[in-house]
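Asks: what follows is a predicted structure for the sequence shown.
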Amino acid sequence: MANDKRSQSAKRNEHNKRNKRLPQPDERQAILTEQRRLKMARSPHAYVRGATAQFYEWIVETNGSSLPHGPAVWICGDCHTGNLGPLANQDGKVEIHIRDLDQTVIGNPVHDLIRLGLSLATAARGSALAGLTTVHMMEALAAGYESAFATQRKKPALPERPEPVHLAMKQAVRRSWRHLAEERIDDLKPTIPLGKRFWPLSRNECKSIDALFRDEAIASLPTGLRGRKDTGAVEILDAAYWVKGCSSLGRLRYAVLLDVDGGVIEGDDLCLMDIKEGVKAAAPRYGDAAMPRDNAERVVEGARHLSPFLGERMRAARMLDRAVVIRELLPQDLKLEIDEISEDEAREVAFYLAAVVGKAHARQMDPPTRRAWLAELRRNRSKTIDAPLWLWNSVVQLVSSHEAGYLEHCRRYATGVN
């Protein structure tokens with residue numbers, strides 16, 4: 001940071017610390033642990049989103065041997081509904097993609113399908129939908145996923161967007177820097193206000209962020225977007241530790257506000273960067289799969305295969321001796337809010353989101369592999385449900401185990417028993 005900007009930021013941090021007593025770096029872990037517990041106790045669907053490790057424990061210990069051995073492709077690894085949504089590429093085009101790749105590995109694609117099925121079934125239960133509706137959702141889920149492999153096109157097309165997805169897309173394409181600033185940092189000023197969502201940095205963290213953006217490969221991220229000068233100077237205006245729910249726990253996570261080209265003009269000259277630690281994935285990988293050993297490089301490589309719009313906007317780096325992923329947050333980047341769903345929308349949403357995941361998997365397969373995988377998906381059907389029995393049985397058992405886990409989590413959180 002420039003000396004004058006550093007001085008302003010330091011004074012503001014000291015003012016906030018005196019008046020709000022914000023958590024210091026050595027106090028973060030305990031507070032984040034409590035926040036994570038509280039967030040997961042809000043609803044069964046919130047619990048499912050935060051229980052990735054429990055999901056894979058069940059997959060491996062309970063049902064892993066009964067699942068088909070799908071082609072070796074990059075999978076999301078944490079494919080719940082909140083991890084899908086509109087994303088913009090560097091040229092401003094917006095599409096629905098997988099938007100969070102922390103857990104990405106080269107593994108079994110059925111894991112993504114089951115995780116999405118669990119998420120949708122939990123949303124249906126939270127919306128008080130009939131059990132028969134969940135049956136129909138799982139049938140639509142299977143059909144939507146298979147549609148990506150049934151076409152002869154090299155790039156499978158998505159079906160017509162259901163209303164909840166269409167509304168999210170309309171909102172995304174209309175958004176500007178003003179919307180992003182008001183949503184993420186509650187302000188249009190070129191500072192990050194410390195408070196509930198942003199906490200002060202240590203001196204070592206400030207120095208490390210400064211060093212990170214002196215790297216030309218990292219500094220070129222915001223200058224690569226359409227409408228910005230490739231040679232534009234990048235200056236750090238402000239930075240803070242970013243409290244981001246379950247994903248912040250025990251990880252490096254920072255928001256960095258940059259000025260590109262100078263002048264601090266609202267719009268294209270300002271950008272908000274997200275620095276997130278890459279950690280070991282809970283999702284099981286195929287043993288013979290060749291993946292980057294560095295966790296940040298793994299996340300970036302997975303994004304390039306699964307969500308090209310996001311992958312082209314990400315870089316892997318090292319900070320404070322840890323692997324981190326850096327990307328610019330764009331106004332068009334949104335997550336789908338499917339916590340509640342109507343009966344009329346349930347099947348359409350399940351079909352569409354499964355098609356998005358299927359497209360991400362299918363683009364990594366050659367035609368013979370697609371055909372063989374489609375044939376496997378269409379096996380083992382019963383007369384009572386038009387979906388693979390392994391998918392239905394997995395979702396039923398997972399809904400049951402996660403419901404019990406959620407209630408036990410609430411008891412422990414409420415009583416303080418560990």
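Replies: That came in fine, so what should we check first?
Asks: contacts, neighbours, all on C-alpha from now
Replies: Fine.
Asks: under the pLDDT cut-off, which ranges of this structure? List them.
Replies: In the predicted model, the chain carries pLDDT under 70 at residues 1-20, 63-64, 154, 177, 183-189, 223-232, 245-250, 261-268, 414-418.
Asks: contacting residues for the residue nearest to the spatial centre of it?
Replies: Centroid-nearest residue in the chain: Asp100, 2.2 Å away (criterion: CA atoms, centre = their mean). By CA atoms under 8 Å, 6 or more residues apart in numbering, the contact set of Asp100 is 76, 78, 83-84.
Asks: can you do 6 Å?
Replies: Asp100 makes contact with Asn83, according to CA atoms under 6 Å, 6 or more residues apart in numbering.
Asks: confirm that Leu316 sits in a strand.
Replies: Heads up, residue 316 is Ala, not Leu. Yes. Assessed with DSSP: H, G, I helix; E, B strand; the rest coil, Ala316 lies in a strand.
Asks: residues near it, how many?
Replies: By the measure other CA atoms under 10 Å, the count of residues near Ala316 is 24.
Asks: ok, His305 next?
Replies: Neighbours around His305, by other CA under 10 Å: 18.
Asks: tell me the phi and psi of it?
Replies: The phi and psi torsions at His305 (degrees, to the nearest 10) take the values phi -90, psi -40.
Asks: now tell me what touches stretch 360-377 from outside.
Replies: 149, 306.
Asks: rerun that using 10 Å as the cut-off
Replies: 68-76, 97-98, 109-110, 112, 142-143, 145-156, 303, 305-308, 354-356, 387-388, 390-391 (CA atoms under 10 Å, 6 or more residues apart in numbering).
Asks: weed out the non-buried ones from the residues you listed.
Replies: Among the contacts of stretch 360-377, those classed as buried by 16 or more other CA atoms under 10 Å are 70-76, 97-98, 109-110, 112, 142-143, 145-150, 156, 303, 305-308, 354-356, 387-388, 390-391.
Asks: so who does Gln24 touch?
Replies: Neighbours of Gln24 in contact, by CA under 10 Å, 6+ apart: 17, 199-202, 241.
Asks: that one and Arg203: what is the separation?
Replies: With distances taken as CA to CA, to the nearest Å, Gln24 is found 11 Å from Arg203.
Asks: now swap in His69 and tell me
Replies: 49 Å.
Asks: and Gln90, by the same measure?
Replies: In terms of CA to CA, Gln90 sits 33 Å off from Arg203.
Asks: cool, and Glu343?
Replies: 53 Å.
Asks: comparing these two, which residue is more hemmed in?
Replies: Neighbour tally, Glu343 and Arg203, criterion other CA under 10 Å: the higher count belongs to Glu343, 15 against 9.
Asks: for the top helix by length along the chain, what is the distance to the chain centroid?
Replies: Using DSSP state H to define each element, the chain has its longest helix at helix 389-415. Centre-to-centre, helix 389-415 and its host chain are 22 Å apart (CA atoms, centre = their mean, to the nearest Å).
Asks: elements contacting that helix?
Replies: The helices and strands touching helix 389-415, judged by 3 or more CA pairs under 10 Å, 6 or more residues apart in numbering; DSSP states H and E, are helix 28-40, helix 44-50, helix 52-58, helix 110-126, helix 131-150.
Asks: and those, which is most packed in?
Replies: Mean neighbours per residue, mean count of other CA atoms under 10 Å, is largest over these for helix 110-126, with a mean of 24.
Asks: can I get that helix in CSV, CA atoms only?
Replies: C-alpha atoms of helix 110-126 as CSV (Å, rounded to 0.1, in the frame of the first residue of the first chain):
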residue,chain,number,x,y,z
VAL,A,110,-21.8,-39.7,-8.8
HIS,A,111,-20.7,-37.9,-5.6
ASP,A,112,-21.7,-34.6,-7.1
LEU,A,113,-25.1,-36.0,-8.2
ILE,A,114,-25.8,-37.5,-4.8
ARG,A,115,-24.7,-34.3,-3.0
LEU,A,116,-27.0,-32.2,-5.2
GLY,A,117,-29.9,-34.7,-4.6
LEU,A,118,-29.4,-34.4,-0.8
SER,A,119,-29.4,-30.6,-1.0
LEU,A,120,-32.6,-30.5,-3.1
ALA,A,121,-34.4,-33.1,-0.9
THR,A,122,-33.5,-31.2,2.2
ALA,A,123,-34.8,-28.0,0.6
ALA,A,124,-38.0,-29.8,-0.3
ARG,A,125,-38.4,-31.0,3.3
GLY,A,126,-37.8,-27.4,4.6
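Asks: that one vs helix 131-150, what angle?
Replies: 150 degrees (axes from the mean of the first three to the mean of the last three CA atoms, to 10 degrees).
Asks: off-centre distance for helix 110-126?
Replies: The answer for helix 110-126 is 16 Å, by CA atoms, centre = their mean.
Asks: stretch 60-72 too?
Replies: Chain-centre distance of stretch 60-72: 24 Å, with CA atoms, centre = their mean.
Asks: end-to-end on that stretch?
Replies: 17 Å.
Asks: residues making contact with it?
Replies: Outside stretch 60-72, the residues that reach it (CA under 10 Å, 6+ apart) are 56-59, 105-111, 283-286, 288-289, 361-362, 364-365, 369-370, 372-373, 376-377, 389-391, 393-394, 397.
Asks: now, of those, which are buried?
Replies: Buried among those (16+ other CA under 10 Å): 56, 58-59, 105-111, 283-286, 361-362, 364-365, 370, 373, 377, 389-391, 394.
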